[in-house]
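**Student:** Just need the structure, nothing else, for what follows:
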Amino acid sequence: MATVTVNGGQQVHFVDYGGDGPAVLLLHSFMMDIDMWEPQVESFGADYRLIAIDERGHGGTPADDDFDYWDVARDAFGVLDHLGIERAAVIGTSQGGFIALRMALLAPERVTALAVLGTSAEREAEGTATVYRHLIAAWLEAGPEPLVDGIATFCLGDYEASAWKTKWLKLPGEKFQRIMETLVSRDSVLERAGEIQVPALVLHGSGDNEYPMARAESLVAALPNAEPLVTVVSGAHFLSLTHASDVQPHLKKFLEAHAAGK
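**Tutor:** Predicted coordinates for the structure are as follows:
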């Protein structure tokens, strides 16, 4: 693991797993970190140069000021620059998908392929945003302990989440507020998805508690070179972790075909 300063002074914690294959950047979900990608590193890390980053306010990467996901996309490119990687395939789950889509819009020539799981190109629904702001207030008032069980069930379903809940219990209220406000206030990129010409793969769980299947269907329809939508039966919101064995064959096949680019 290492830390690099990019994008005008932002520190980013990352892991370069090495390897001689095409570069693949891994972008984790909200409140998660690099460790989320252990199943993928084990499954196909020998075939690719996998790089995982802790996004702003997560893991070992600080968030000292307000930011948006366009900023995090630039952070990610900064890490690739530091490693001398000109082009990479990008895989993102949930929040990681927000960032991956923005990377493909900011510098399409640098993204060889795009795979997103349990994500949305649209802004947060008004009702959901209100609920999340109540969650911020509750975290600031009472701390994380009364909330982490519900968050784990919402995001991870039946997955054994004790290790993640231990991490979340250490998350200060101010940091939680900052990262949640970034999520709640994000802009929509669905209207621009037609600009993303790279091969794309969208996977979505039928048990996703956050985004209905319609979000995934809209994204597939908007991406010019998207493969057919992959529905993971009973898949939870963070399905690249909770349903790794279900998504792995699809990710492997997609990367084999497109990770190296044209």
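**Student:** Going along the chain from the host helix or strand of V12, find the next helix or strand for me.
**Tutor:** Using DSSP states H and E, V12 sits within strand 10-16. Next helix or strand after strand 10-16 toward the C-terminus (DSSP H and E): strand 23-27.
**Student:** What residues does A216 make contact with?
**Tutor:** T119, S120, V202, L203, H204, L229 (Cβ atoms under 8 Å, 6 or more residues apart in numbering). C-beta coordinates here come from the backbone N, C-alpha and C atoms, glycine included.
**Student:** average pLDDT for the lengthiest helix in the chain?
**Tutor:** Using DSSP state H to define each element, the chain has its longest helix at helix 126-142. Averaged over helix 126-142, pLDDT sits at 95.
**Student:** Remind me what the helix or strand following that helix packs against, helices and strands.
**Tutor:** The helix or strand immediately downstream of helix 126-142 is helix 148-156, counting by DSSP H and E. Judged by 3 or more Cβ pairs under 8 Å, 6 or more residues apart in numbering; DSSP states H and E, helix 148-156 is in contact with helix 162-168.
**Student:** Which elements pack onto the helix it packs on?
**Tutor:** Checking 3+ Cβ pairs under 8 Å, 6+ apart, helix 162-168 ends up next to helix 148-156.
**Student:** between the helix it packs on and helix 126-142, how big is the angle?
**Tutor:** Interaxial angle, helix 148-156 versus helix 126-142 (axes from the mean of the first three to the mean of the last three Cα atoms, to 10 degrees): 150 degrees.
**Student:** Start the count at 47 instead of 1 going forward.
**Tutor:** That works, and once the first residue is 47, the last one we named lands at helix 194-202.
**Student:** Now find how far off-centre helix 194-202 is within its chain.
**Tutor:** 17 Å (Cα atoms, centre = their mean, to the nearest Å).
**Student:** Can you point out the buried residues in that helix?
**Tutor:** V194, I197, A198, C201, L202 (16 or more other Cβ atoms under 10 Å).
**Student:** Render the CA-only coordinates of that helix in PDB, please.
**Tutor:** Output in PDB follows, covering the C-alpha atoms of helix 194-202 (Å, rounded to 0.1, in the frame of the first residue of the first chain):
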ATOM      1  CA  VAL A 194     -24.400   0.500  11.500                       C
ATOM      2  CA  ASP A 195     -26.600  -2.700  11.700                       C
ATOM      3  CA  GLY A 196     -29.200  -1.100   9.500                       C
ATOM      4  CA  ILE A 197     -26.600   0.300   7.000                       C
ATOM      5  CA  ALA A 198     -25.000  -3.100   6.700                       C
ATOM      6  CA  THR A 199     -28.300  -4.800   6.000                       C
ATOM      7  CA  PHE A 200     -29.300  -2.100   3.500                       C
ATOM      8  CA  CYS A 201     -26.000  -2.300   1.500                       C
ATOM      9  CA  LEU A 202     -24.800  -5.800   2.100                       C
END
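**Student:** Can you classify the residue nearest to I242 when sequence neighbours are not counted by secondary structure?
**Tutor:** Nearest residue to I242 in three dimensions, chain neighbours excluded: A150, at 4.6 Å (Cβ to Cβ, 6 or more residues apart in numbering). Secondary structure state of A150, per DSSP: H, G, I helix; E, B strand; the rest coil, is helix.
**Student:** that older thread, show the buried residues in the contacts of A262.
**Tutor:** T165, S166, V248, L249, H250.
**Student:** Now flag whichever of those residues is closest to K216.
**Tutor:** T165 (26.0 Å; Cβ to Cβ).
**Student:** how far away is the spatially closest residue to A282 that is not a sequence neighbour from G281?
**Tutor:** Closest residue to A282 apart from its sequence neighbours, by Cβ to Cβ, 6+ apart: G203 at 3.5 Å. Computed with Cβ to Cβ, to the nearest Å, the distance linking G203 and G281 is 8 Å.
**Student:** Can you point out the buried residues in stretch 110-121?
**Tutor:** In stretch 110-121, counting by 16+ other Cβ under 10 Å, buried: F113, D114, Y115, W116, D117, V118, A119, R120, D121.
**Student:** swap in stretch 220-238?
**Tutor:** 221-230, 232, 235-236.
**Student:** end-to-end on stretch 233-247?
**Tutor:** 22 Å (Cα to Cα, to the nearest Å).
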